[in-house]
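Asker: Below are the sequence and a predicted model for it; my questions follow.
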Amino acid sequence: QVQLVESGGGLVQAGDSLRLSCAASRRTFRPYAMGWFRQTPGKEREFVAAIAWLSGSTYYSDSVKGRFSISRDNAKNTVYLQMVSLKPEDTAVYSCAASSQFYSGTDIRGLSAYDYLGQGTQVTVSS
């Protein structure tokens with residue numbers, strides 16, 4: 001079993017920046033991909049960004065492209081989400097996800113591609 005621990009959330013003003021971190025608890029875990037999803041009350045969890053661990057290929061939702069950047073530290077089994085130019089509509093609980101392998105028929109932008117999901121960290125952007 002792998003636990004994902006997110007950190008870095010908080011309350012910021014519009015236009016500010018934040019960096020979220022997510023560390024996988026098991027040091028021997030080698031993910032196929034890791035991603036970030038976010039959810040607001042009453043809405044479905046939505047894809048934000050993902051990174052393929054070996055290739056480093058990155059994927060973003062249209063709503064964050066150009067403002068958010070996902071990166072990884074292989075040695076620390078940690079994925080980061082750098083968020084700049086934050087907007088009030090970015091307010092959500094951000095959760096980290098990790099997959100142990102590629103699952104045929106899944107899309108890295110969908111939760112079904114992942115085995116593990118963190119508890120989440122709150123990001124609140126005030127106007």
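Answerer: On my side now, so go ahead.
Asker: just to confirm, which helix or strand has the residue nearest in space to the middle of the chain in it?
Answerer: Of all residues in the chain, the one closest to the mean position by C-alpha atoms, centre = their mean is Trp36, 1.8 Å from it. Using DSSP states H and E, Trp36 sits in strand 33-39.
Asker: so how far is stretch 101-114 off the chain centroid?
Answerer: 15 Å (C-alpha atoms, centre = their mean, to the nearest Å).
Asker: Straight-line length of that stretch, end to end?
Answerer: With C-alpha to C-alpha, to the nearest Å as the measure, stretch 101-114 spans 8 Å from end to end.
Asker: Go ahead and confirm Ser21 touches Tyr80.
Answerer: Yes - Ser21 is within contact range of Tyr80, at 5.5 Å (criterion: C-beta atoms under 8 Å). (C-beta placed from N, C-alpha, C; glycine too.)
Asker: Those two: which has the busier surroundings?
Answerer: Between Ser21 and Tyr80, counted using other C-beta atoms under 10 Å, Tyr80 has the larger neighbour count: 20 against 17.
Asker: what kind of secondary structure is the closest residue to the more buried one other than its chain neighbours in?
Answerer: In space, and not counting its chain neighbours, Tyr80 is closest to Ser71: 5.0 Å by C-beta to C-beta, 6 or more residues apart in numbering. With DSSP: H, G, I helix; E, B strand; the rest coil as the basis, Ser71 sits in strand.
Asker: Ser71 contacts Trp53, correct?
Answerer: No - between Ser71 and Trp53 there is no contact under C-beta under 8 Å: 11.4 Å.
Asker: If you count surrounding residues, which of the two has more?
Answerer: Trp53 (17 against 14).
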